[in-house]
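Chemist: Provided below are the primary sequence and the corresponding predicted coordinates.
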There are 2 protein chains.
Amino acid sequence: MKDMRVSQPDWLAADWGTSHLRIWGMRANGEVIGRQFGDCGMSRLARNEFEAEFIKLADPFLSNDKTLDVICCGMAGSRQGWAEASYVGVPCRPPGMTQAVQVETADPRINVYILPGIKQNTPSDVMRGEETQIRGFMATNPDFDGVICLPGTHTKWVHVSAGEIVSFQTFMTGELFALLSKASVLRHTVQSDGWDKHAFLQAVDRSFSRPSAAAAHLFTLRADALLNDPYENVARSQLSGILIGIELAAARPYWLGQNLAVLGSHEIANAYQLALKAQGLEVTMAQSEEMTLAGLKHAHFALRSVPSNA
Amino acid sequence: MKDMRVSQPDWLAADWGTSHLRIWGMRANGEVIGRQFGDCGMSRLARNEFEAEFIKLADPFLSNDKTLDVICCGMAGSRQGWAEASYVGVPCRPPGMTQAVQVETADPRINVYILPGIKQNTPSDVMRGEETQIRGFMATNPDFDGVICLPGTHTKWVHVSAGEIVSFQTFMTGELFALLSKASVLRHTVQSDGWDKHAFLQAVDRSFSRPSAAAAHLFTLRADALLNDPYENVARSQLSGILIGIELAAARPYWLGQNLAVLGSHEIANAYQLALKAQGLEVTMAQSEEMTLAGLKHAHFALRSVPSNA
């Protein structure tokens, strides 16, 4: 959706992931004056194609008499991205402008900085994009000390303390759900978009209390449908519950006895909240797009006060 | 590969699965005089296409002056198959000719019987094809009493006692491995066909002793490759070990204290044998194609002595 060219922004915030590019036109005071969202994800681009794609989507914000700073987070900073922004190692604060990489661009209207992701050596783990959501969450919840769960294709559990990311762990739960529901023998069984809270929580509980049951439970969904023809939306909720249940069991060292926040998009974040509540846990909720923008704004405030390392 | 038309068989044995059709030309005494293997799996066929596909592959065995009995097992007997052969419920002997369905065919040169699969109501489970391998295994190991593991796309653990299939459980381990290694973010990391026994056994042990570790371990393979660039064949063996380890933990009620047999094709059967040996378990090995043929032969011996239920 293209916005009208209304008024000129002072800088641009950008989140460039594997499957999407989001650009916000920003005032110096942090006000959003427009947004441009596109599906030109970085996974489909060669390095020399990034600038043109960015300019195409950012066009309504650009004018020939001004150079705009662009603060960008996400996979655009990976080795296959626009410019590599090397990982910062934990423990660390969410990386800011001092660690950003300035991209060599041809167009004089933009001046692009990409924020790096975070790595952990033991056990090996990486994130790109979530660190900026976490920066946004910390900025809006300055006293929070505990664990943030960021559900998604690759769900992250992140321990933050005293303003630093201490450790984290990634689970492929979202990708497993997508593969099993779209490409496996279960696809016939979980076609419906329906949702059954009770079936979900029962499946969570079973996998959580006996994680090996997750492996045993999967084919049962298919056989149940063949032999008993249950409502399809129950199987979909059960599949989600099986996978989230085993993740909660594995992530127990993260959430046990900690303050907890779930930072994600509505539907999936609500499912995690529900599953965690069933374990008697209270959860602070935050919305991922909001937190990304808050993180990019917070990084921008520091832009003028530090030297560029480009 | 088409064989030469050498001598006339007395009957045909057939195994028609989702992705393949195998036909053996058989003498009355059980001798194999030729084989025809094709990739015309039943998943690609409408009901009215089965006969022509069968005739095409069976052609070298057919002659105009003789009607051959065909004994067929596998997914061809499913609801979407050549003719539905309804499941027999456990506990039961592997279904034989009394439960077979005679297919209405137009070609006078064949007289086709399809053997049914087996179902279990609690927990819901189904098999088609494996029951005939089990019949073959029982025929060649008449004193066996214990558990048979049949690794594959959907691995089965089957408790057999006193000639009957008592209960069974299906795991989607093979399909999960295929999806994760070909379609997930791990595909880059596990491309190589190499094999590392030590890495495999270490991953089995980790998942087996703490099943929730399976969920936590998956993304680590990817991050390890990004940060440490290990040999790709280690990651592939680790992925296999993670998935087999959680299956062994879930299947523990099956194999604990039982005689054990692994019935499969060489590579995957050897991996299971290795994993089970590491738990101190001795395993009888059997080859799946051989057992399928033995099962079809055993069913055929009964053909003349029972009335057809067509």
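Modeler: Alright, I've got the coordinates.

Chemist: and A:Asn29, how many neighbours?
Modeler: In terms of burial, A:Asn29 registers 7 neighbours under the definition other CB atoms under 10 Å in any protein chain shown. Using the backbone N, CA and C atoms, a C-beta is placed for each residue, glycine as well.

Chemist: on the three-state scheme, it is what?
Modeler: coil (DSSP: H, G, I helix; E, B strand; the rest coil).

Chemist: ok, it - contacts?
Modeler: Listed by CB atoms under 8 Å, 6 or more residues apart in numbering or on different chains, A:Asn29 has no contact partners.

Chemist: work out which residue lies at the spatial centre of chain A.
Modeler: What sits nearest the mean C-alpha location of chain A, by CA atoms, centre = their mean, is A:Glu130, with 4.9 Å.

Chemist: distance of that one relative to chain B?
Modeler: Computed as CB to the nearest CB, to the nearest Å, the A:Glu130 to chain B distance reads 13 Å.

Chemist: correct me, but that residue touches A:Thr155?
Modeler: No: with contacts defined as CB atoms under 8 Å, A:Glu130 does not count as touching A:Thr155, sitting 9.7 Å away.

Chemist: contacts only, for A:Ser19.
Modeler: With contacts taken as CB under 8 Å, 6+ apart, A:Ser19 has the following neighbours: A:Asp39, A:Gly41, A:Ser43.

Chemist: ok so, going back, pop out the phi and psi values for the residue nearest to the centre of chain A.
Modeler: Note on A:Glu130: backbone dihedrals following degrees, to the nearest 10 are phi -60, psi -30.

Chemist: and it, how close does it get to A:Trp82?
Modeler: Plainly put, A:Glu130 is 18 Å away from A:Trp82 if you go by CB to CB, to the nearest Å.

Chemist: dump the contacts of A:Ser19 into TSV; add distance to chain B, neighbour count and secondary structure as well.
Modeler: Conversion of the contacts of A:Ser19 to TSV gives the following (distance: CB to the nearest CB, whole Å; neighbours: other CB atoms under 10 Å in any protein chain shown; DSSP: H, G, I helix; E, B strand; the rest coil):
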residue	distance to chain B	neighbour count	secondary structure
A:Asp39	19	9	coil
A:Gly41	14	17	coil
A:Ser43	10	12	helix
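
Chemist: dump the residues you listed to a markdown table, plus distance to A:Ser184.
Modeler: Written out in a markdown table, the entries for the contacts of A:Ser19 read as follows (distance: CB to CB, whole Å):
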| residue | distance to A:Ser184 |
| --- | --- |
| A:Asp39 | 26 |
| A:Gly41 | 24 |
| A:Ser43 | 23 |
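
Chemist: could you dump those residues to CSV with pLDDT and distance to A:Leu68?
Modeler: Listed next are those as CSV, based on pLDDT from 0 to 100; distance: CB to CB, whole Å:
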residue, pLDDT, distance to A:Leu68
A:Asp39, 92, 23
A:Gly41, 88, 22
A:Ser43, 84, 26
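
Chemist: which helix or strand contains the residue sitting furthest away from the middle of chain A?
Modeler: With distances taken from the mean C-alpha point of chain A and given as CA atoms, centre = their mean, the most distant residue is A:Leu227, at 38.9 Å. Under the criterion of DSSP states H and E, A:Leu227 resides in helix A:213-228.

Chemist: what is that helix packed up against?
Modeler: helix A:197-209, helix A:232-250, strand B:118-120, strand B:125-127, strand B:164-171, helix B:232-250 (3 or more CB pairs under 8 Å, 6 or more residues apart in numbering or on different chains; DSSP states H and E).

Chemist: of those, which is nearest A:Gln273?
Modeler: When the helices and strands packed on helix A:213-228 are compared by CB to CB, helix A:232-250 sits nearest A:Gln273, at 10.9 Å.

Chemist: hmm, back to that, which neighbours do A:Glu130 and A:Thr155 share?
Modeler: In contact with both A:Glu130 and A:Thr155: no residue, using CB under 8 Å, 6+ apart.

Chemist: chain neighbours aside, what residue packs nearest to A:Leu281?
Modeler: If you skip the residues right next to it in sequence, A:Leu281 has A:Leu260 as its closest partner in space, 5.7 Å away by CB to CB, 6 or more residues apart in numbering or on different chains.

Chemist: thanks again, I'm all set now.
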